[in-house]
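> I'd like to go over a predicted model; first the sequence, then the structure.
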Amino acid sequence: MSLILKRGSEKMSKADDFLMELFRSAVSAVQPQKLIEQTVRVNNRHLVVRNKTYELRKPVRVVGFGKAVHGMAITLDGVLGPLLQRGIVSIPEGSLRSLQIDTANSRIEFLEGALNNLPDENSLKAALKIKDFVQNLDENDTVMVLISGGGSALLPLPKGKITLSEKLDLVRKLGQKGADIFEMNCVRKEISQLKGGGLAVQCFPARVITLILSDVLGDPLDIIASGPTCPNTDGPEKAMDILKKYSLYEELPASIKETLNSNLDPDEDNEFRKKIFVKVDNFIIGNNRIATQAIVNRTKGLKLQCFTLSTNVSGDVEEISDFYVKIATIFQAFRTNKKTNDEVIDYLISIQSNLVLYENAWEEQIKNLDSNRDIIVVLAGEPTVFVTGKGIGGRNQQLALSFALKLSQMENAEFYKEIQFMSCGTDGIDGPTNAAGAIGFCNMVAEAKEENLNAEEYLKDNDCYNFFKHFSGGKYLIKTGHTGTNVMDVHLMSFRKRYATK
């Protein structure tokens, strides 16, 4: 697809345009159409996924859920041809219109729901329809499951007496408390019929082949979209511990407490599930490493240096922005010949407990850096925001503004004036807003004051969307609409003398 990046003003600097071009490269590399074509092929009546071959005794059924599964489904429709029986996929509200999806000749039914990435009645209906579609199959059937980020909200089917509103209220409270994706999905698995391996249970005894576009650090199969085709090894005790950690357990409705406290015979359950998951294969076909590598590749041949420092950024946005200021400081010291290559490496090693660095390749890259050439540092992951205010925003806008504010508060703000920072969600949707993210820089706070905008007050109120919307005509607010993919967030830190913001 062609990704169009929009902003409130066309008066962008060359640095801004270049950062957006790099983000475009990342998103393009993880488009689901491309990933499916690279992963799946048909050879007569055999399906080949990577290097594994499956004999198809019946036409394949396809189900899917997530922000990127429409592209996966459409492409798979073409690859399978007559070997596809029918499909049902659950996709975000507005996807068909914004992505201009042509469903006229497809054997796949597209159901929209989960407005603002929150479970709703439409996504609940889609989940029920998917459940019915995969039931009563036999061992000669094959179900292909397509999963991407956002899948949890698009496959909501509460257990027992739990209502959708009760489940939604709990998930919302967990998010407001700052729970990370691992914690949230641990709880979701315990209160959902189809998560935590539940979809695989419904498909049994059919063969299940799952293609996954990962939006979770480290690509854990049981966490992505809450692991609908993976064994749930967490258990209700862990979910209850998480709820108690955030002081939510005591206020739970009786329906959720009852579900968490009800246990099947573990031996009987484990034996049954062993039979199920023998017939399930899960494949990760895309992740944020592919996206970040595309950024590095895009800069090859240009007169600058670009490398990936980490693809595992996680934690509270405020802590991450503190850490990013430290990274900005050490690299700017290098750029101004106040630190050597080895000193940069030693410093990053000393603080790497705050960040999982990208294997060991970054050390070699930094050894070869030239302080006289522009530098782009690439990071990726998914921080969280502890919401205390009443404003509108998302983690990427919060991170960009927090970074800019902290740079402006440094003792020598002039030292940081050439640094620009972009934070964007690869799905194009940052929180409950129509923005993908934003660009921040040191002088932003001072320039905002000239427009009677108090950056610190907007940040405290978690109202970063309105800050970027009003500041400088909105030109630093990045809008893409649904990108059709999702591999978490991309963060770009730019040290470019020739294109300083001011």
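Cool, the structure landed. Numbers count the residues shown, from 1 in each chain.
> okay, CA-based contacts and neighbour counts for the rest of this
Noted.
> Could you give the number of residues near the closest residue in space to Gly425 that isn't next to it in sequence?
When the adjacent residues along the chain are set aside, Gly425 lies closest to Asp489, with 4.2 Å between them (CA to CA, 6 or more residues apart in numbering). Other residues near Asp489 number 26, with proximity taken as other CA atoms under 10 Å.
> One more: Leu302?
9.
> Over to Asp342?
12.
> on contacts alone, who are the packing partners of the helix ranked longest in the chain?
Counting residues, the longest helix found in the chain (DSSP state H) is helix 317-335. Applying 3 or more CA pairs under 8 Å, 6 or more residues apart in numbering; DSSP states H and E, one finds that helix 317-335 makes contact with helix 341-350, helix 395-408.
> tell me which residues in the helix or strand following the last one are buried?
Read it as helix 395-408. Later in the chain than helix 395-408, the nearest helix or strand by DSSP states H and E is strand 419-425. Going by neighbour count (16 or more other CA atoms under 10 Å), the buried part of strand 419-425 is Ile419, Gln420, Phe421, Met422, Ser423, Cys424, Gly425.
> Figure out the helix or strand that Thr233 lives in.
Per DSSP H and E, there is no helix or strand for Thr233.
> Surely Met72 is in a strand?
No - assigned with DSSP: H, G, I helix; E, B strand; the rest coil, Met72 falls outside any strand and is helix.
> quick one: it from Ile108, how far?
Distance, Met72 to Ile108, by CA to CA, to the nearest Å: 11 Å.
> do Ala436 as well
Ala436 sits 28 Å away from Ile108, going by CA to CA.
> more neighbours, these two?
Between Ala436 and Ile108, Ala436 has the larger neighbour count (other CA under 10 Å), namely 28 against 23.
> how about low-confidence regions in this protein?
Along the chain, the model assigns pLDDT under 70 to residues 1-15, 99, 263-270, 354, 358-360, 497-502.
> redo that, cut-off 50
1-2, 4-12, 264-265, 498-502 (pLDDT under 50).
> Show me how the record splits it into domains.
With domains defined by automatic domain parsing, the chain comprises 14-27+290-499, 31-286.
> quick one: the first one to chain centroid distance?
For domain 14-27+290-499, the distance between its averaged C-alpha position and the chain's averaged C-alpha position is 16 Å (CA atoms, centre = their mean, to the nearest Å).
> can you offset everything so residue one is 34?
With 34 as the first residue, the last one maps to domain 47-60+323-532.
> picking up where we left off before, out of the helices and strands packed on helix 350-368, flag the one nearest Asp49.
Closest to Asp49 of those, according to CA to CA: helix 428-441, at 13.5 Å.
> where does Met177 fall, phi/psi-wise?
Per-residue torsions, Met177: phi -100, psi 130 (degrees, to the nearest 10).
> Tell me what it is bridged to.
In this entry, Met177 is beta-bridged to Val95, Ile242, by DSSP bridges.
> and Asp460, how many neighbours?
Neighbours of Asp460 (other CA under 10 Å): 23.
> Pull the contacting residues for it.
Contacts for Asp460 (CA atoms under 8 Å, 6 or more residues apart in numbering) come out as Lys100, Ala469, His515, Thr516, Gly517, Thr518, Asn519, Val520, Met521.
> could those residues go into JSON lines alongside secondary structure?
Shown next, in JSON lines, are these (three-state DSSP):
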{"residue": "Lys100", "secondary structure": "coil"}
{"residue": "Ala469", "secondary structure": "coil"}
{"residue": "His515", "secondary structure": "coil"}
{"residue": "Thr516", "secondary structure": "coil"}
{"residue": "Gly517", "secondary structure": "coil"}
{"residue": "Thr518", "secondary structure": "coil"}
{"residue": "Asn519", "secondary structure": "coil"}
{"residue": "Val520", "secondary structure": "coil"}
{"residue": "Met521", "secondary structure": "coil"}
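> out of these, which are buried?
Lys100, Ala469, His515, Thr516, Gly517, Thr518, Asn519, Val520, Met521.
> end-to-end on stretch 231-250?
22 Å.
> buried stuff in it?
Within stretch 231-250, the residues that count as buried by 16+ other CA under 10 Å are 231-250.
> ok, now stretch 128-145?
Ser128, Leu129, Leu132, Arg140, Ile141, Glu142, Phe143, Leu144, Glu145.
> now swap in stretch 309-323 and tell me
309-310, 312-322.
> Determine which two of the residues you listed are furthest apart.
With CA to CA as the measure, no two of those lie farther apart than Ile309 and Arg322, at 31.0 Å.
> Backbone dihedrals for Pro65, both of them.
Main-chain torsions, Pro65, degrees, to the nearest 10: phi -60, psi -30.
> what's the span of stretch 397-408, first residue to last?
Across stretch 397-408, first to last residue, CA to CA, it's 15 Å.
> Not counting that stretch itself, show me its contacts.
336-340, 367-370, 374-375, 377-378, 527-530.
> let's go with 10 Å and repeat that
335-342, 364-370, 372-378, 452, 526-532 (CA atoms under 10 Å, 6 or more residues apart in numbering).
> among those residues, which ones are buried?
For these, a burial check counting by 16+ other CA under 10 Å picks out 337-342, 364-368, 373-374, 377-378, 452, 526-530, 532.
> so what sits against both of Met105 and Ile141?
What both Met105 and Ile141 touch, as defined by CA under 10 Å, 6+ apart, is the set Gly97, Val122.
> Okay, Asn315 and Leu254: tell me how far apart.
Counting by CA to CA - Asn315 and Leu254 are separated by 8 Å.
> Mind listing the shared neighbours of the two?
Ile245, Thr262, Cys263.
> Closest to Glu447 out of these?
Out of those, the member with the shortest distance to Glu447 (by CA to CA) is Ile245, at 45.1 Å.
> packing partners for the helix or strand hosting that closest one?
Assigned by DSSP H and E, Ile245 belongs to strand 240-246. The contact analysis (3 or more CA pairs under 10 Å, 6 or more residues apart in numbering; DSSP states H and E) places strand 240-246 against helix 65-72, strand 79-82, strand 93-98, helix 102-113, strand 175-180, helix 231-236, helix 299-310, strand 313-319.
> Who are the packing partners of the first one?
This points to helix 65-72. Using 3+ CA pairs under 10 Å, 6+ apart, helix 65-72 sits against strand 79-82, helix 102-113, strand 240-246, strand 313-319.
> Would you reformat those as CSV and include distance to Gly473?
Below are the helices and strands packed on helix 65-72 laid out as CSV (distance: least, CA to CA, whole Å):
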stretch, distance to Gly473
strand 79-82, 42
helix 102-113, 32
strand 240-246, 29
strand 313-319, 28
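> How about the contacts made by Leu157?
Here Leu157 is in contact with Ser123, Gly146, Ala147, Ile163, Ala186, Leu187, Leu188, Pro189, Leu190, Pro191, Leu197 (CA under 10 Å, 6+ apart).
> pretty sure Asn487 is in contact with Phe500, am I right?
Yes - look at Asn487 against Phe500 with CA atoms under 10 Å: they come within range, at 8.4 Å.
> between those two, what contacts are shared?
Ala481.
> For the stretch 384-533 of the chain, which segments count as strands?
Counting by DSSP state E, counting those that start in this stretch, the stretch 384-533 of the chain has strands at residues 407-414, 452-458, 470-474, 510-511, 522-528.
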